[in-house]
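Make a model of this:
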Amino acid sequence: MSRPARVTHASTRAVVLDLVRAAGMISRVGLVNATGLTGGTISTVVRGLIDEGLVAETGHAESTGGKRRVMLQLNQFARYAVGVHLDDARTTYVLTNLGGAVVARISRAAATGDVVGRVTREVDALIDSVGVERGRILGLGLVSARPSAHHELGKSLEQVTGLPVVLDHDATAAAIGEHWSGGVGATSTFAALYMGSGIGAGVVLGGTTYRGSNGHIGEIGHACLDIDGPLCWCGARGCLEVLAGPAAVVEQARADRGLARAAGLAGGRTRASTPVSADFAAISRVARQGDARAVALLERSARYVAAAARTLANLLDLEVLVLTGPSFATAGSTYLPVLRAELDAAFIARDVHPISVRLSPSAASASAIGAAAIVLQSELVPRNQGLRLPDDLAAGEPPVFQQLVR
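Next up, the predicted model:
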């Protein structure tokens with residue numbers, strides 16, 4: 001175990017704010033114990049956060065024989081952030097408060113033509129629908145499956161909206177959203193398994209988002225499950241996506257004329273222009289209505305996804321696996337029991353600790369929520385030093401901060 005980290009002056013405010021957020025409620029003494037900082041330093045930082053309106057005093061802790069401690073809590077409505085998820089089928093917009101809770105949401109067909117103008121108008125409409133003062137909005141998070149393709153869009157939006165813009169991958173954003181909003185434990189090692197048009201994963205190790213050397217983390221859709229399988233667009237054979245991803249499910253459904261008609265899968269020119277996730281949603285809909293052919297296709301896909309998820313869980317020794325993204329939002333009821341059964345039976349560490357597999361309650365808009373959370377992180381609590389948040393912050397006397405071993 002590494003020694004307690006002495007937090008530098010530059011990061012003190014960020015660390016204290018993140019501790020208050022993660023704890024829900026915590027005293028100044030709790031902050032001293034969590035950080036290793038002096039009581040005077042904590043008092044100064046807390047006073048500044050209260051003056052900024054970011055933190056509020058809220059009642060007292062139960063007495064332990066001495067003076068009752070004043071508890072601190074995040075002022076969740078002090079700041080806001082906008083999250084935008086660009087998908088092939090839809091563009092999703094959310095406005096979240098400081099705690100990551102969604103206060104407004106808009107979903108529109110995928111933007112085409114003047115994308116900057118359309119996104120700007122819809123972001124303005126989102127903010128106006130709540131009546132939040134523009135000065136309390138920290139920025140705009142823009143996420144997609146190909147963030148590198150949207151640098152110019154991000155720059156243009158920053159100029160037009162006047163808001164700082166950050167870019168990231170949609171699967172990574174989904175994981176950050178789960179972490180920020182308290183969907184998983186503060187120090188959990190977990191993955192958000194994301195399925196939209198393709199399949200990816202966002203990974204959080206011990207409370208810290210892992211992005212890899214260049215941000216290309218979590219490409220589980222290109223895990224090889226059959227070395228002699230069909231050729232994938234990535235150049236390899238037998239990838240999860242080409243065997244059982246949403247596009248593969250749609251192609252298999254089209255090959256069954258009866259199922260294609262039942263799901264309303266169009267052919268010809270319409271076929272080329274219909275987003276994969278929209279066709280996958282149509283197949284999921286008839287599966288929920290009891291169409292045995294659709295159910296069989298989805299269950300076959302789920303078995304492949306479960307095999308890849310088991311590999312991911314074993315490699316990272318996951319504690320939590322969250323299913324999220326638009327395609328899990330429509331078909332999660334079929335996939336979830338298959339993945340749970342696979343990991344219950346074959347997760348290598350199951351005798352040491354269980355792995356929780358669950359469906360995100362906000363799977364359809366998880367990436368947009370995560371995009372807003374990335375703004376909140378980058379503007380308020382940048383965690384460049386890999387500090388680990390203790391799980392039992394609200395228990396009164398939390399353990400000291402630990403630096404992650406790199």
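
And the strands in the stretch 1-150 of the chain, which stretches?
Under the criterion DSSP state E, counting those that start in this stretch, the stretch 1-150 of the chain contains strands at 26-27, 55-60, 70-74, 80-86, 90-97, 102-109, 137-144.

Please give the element, helix or strand, for residue 176.
helix 170-180 (DSSP states H and E).

make that residue 258, sorry
Residue-wise, residue 258 maps onto helix 257-263 under DSSP H and E.

So which other helices or strands are in contact with that helix?
Where contact means 3 or more Cβ pairs under 8 Å, 6 or more residues apart in numbering; DSSP states H and E, helix 257-263 is packed against helix 246-254, helix 276-288, helix 292-316. Bear in mind the C-beta positions are built from the backbone N, C-alpha and C, glycine included.

Of all those helices, which one is nearest residue 20?
helix 292-316 (28.6 Å; Cβ to Cβ).

distance between the closest one and the chain's centre?
On the basis of Cα atoms, centre = their mean, to the nearest Å, helix 292-316 sits 20 Å off its chain's mean C-alpha point.

With stretch 357-377 instead?
With Cα atoms, centre = their mean as the basis, stretch 357-377 stands 4 Å off its chain's centre.

average model confidence for that stretch?
Mean pLDDT, computed over stretch 357-377, is 93.

can you check stretch 199-217 too?
83.

List the buried residues in it.
Judged by neighbour count (16 or more other Cβ atoms under 10 Å), stretch 199-217 contains these buried residues: 199-210, 217.

How far does that stretch stretch from one end to the other?
12 Å (Cα to Cα, to the nearest Å).

Keep only those of the buried residues of stretch 199-217 that are in strands.
Among the buried residues of stretch 199-217, the members falling in strands (DSSP state E) are 199-205, 208-210.

Report the contact partners of the closest residue to residue 198 other than its chain neighbours.
Excluding the flanking residues, the one nearest residue 198 by Cβ to Cβ, 6 or more residues apart in numbering is residue 221, at 5.0 Å. Going by Cβ atoms under 8 Å, 6 or more residues apart in numbering, residue 221 touches 198-200, 239-241, 245.

Same list (the buried residues of stretch 199-217) but as CSV, adding distance to residue 298.
Supplementary listing: the buried residues of stretch 199-217 in CSV, determined by distance: Cβ to Cβ, whole Å:
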residue, distance to residue 298
199, 14
200, 19
201, 20
202, 23
203, 25
204, 28
205, 31
206, 34
207, 33
208, 34
209, 30
210, 30
217, 27
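
of the residues you listed, closest to residue 318?
residue 203 (8.8 Å).

Next one: that closest one from residue 44, what distance?
Here the distance between residue 203 and residue 44 works out to 36 Å (Cβ to Cβ, to the nearest Å).

For residue 138, see how far away the residue sitting nearest the centre point of the chain is.
Residue closest to the mean C-alpha point of the chain, counted by Cα atoms, centre = their mean, is residue 174 at 1.8 Å. According to Cβ to Cβ, residue 174 stands 20 Å off from residue 138.

ok now do the spatially closest residue to residue 12 that is not a sequence neighbour, which residues does it touch?
Nearest residue to residue 12, sequence neighbours excluded (Cβ to Cβ, 6+ apart): residue 45, at 5.6 Å. Residues counted as contacts of residue 45 (Cβ under 8 Å, 6+ apart) are 12-13, 16.

swap the cut-off to 10 Å and go again
The contact partners of residue 45, by Cβ atoms under 10 Å, 6 or more residues apart in numbering, come to 12-17, 28, 31, 35, 37, 55.

check contacts around the residue nearest to residue 68 when sequence neighbours are not counted.
Ranked by Cβ to Cβ, 6+ apart and with sequence neighbours excluded, the top spatial neighbour of residue 68 is residue 60, at 4.1 Å. By Cβ under 10 Å, 6+ apart, the contact list for residue 60 reads 27, 67-71.

same deal with residue 355?
190, 309-310, 313-314, 317-321, 339-340, 343-344, 347, 349.

Just the buried ones from these?
For the contacts of residue 355, a neighbour count by 16+ other Cβ under 10 Å gives the buried set as 190, 309-310, 313, 318-321, 339-340, 343, 347.
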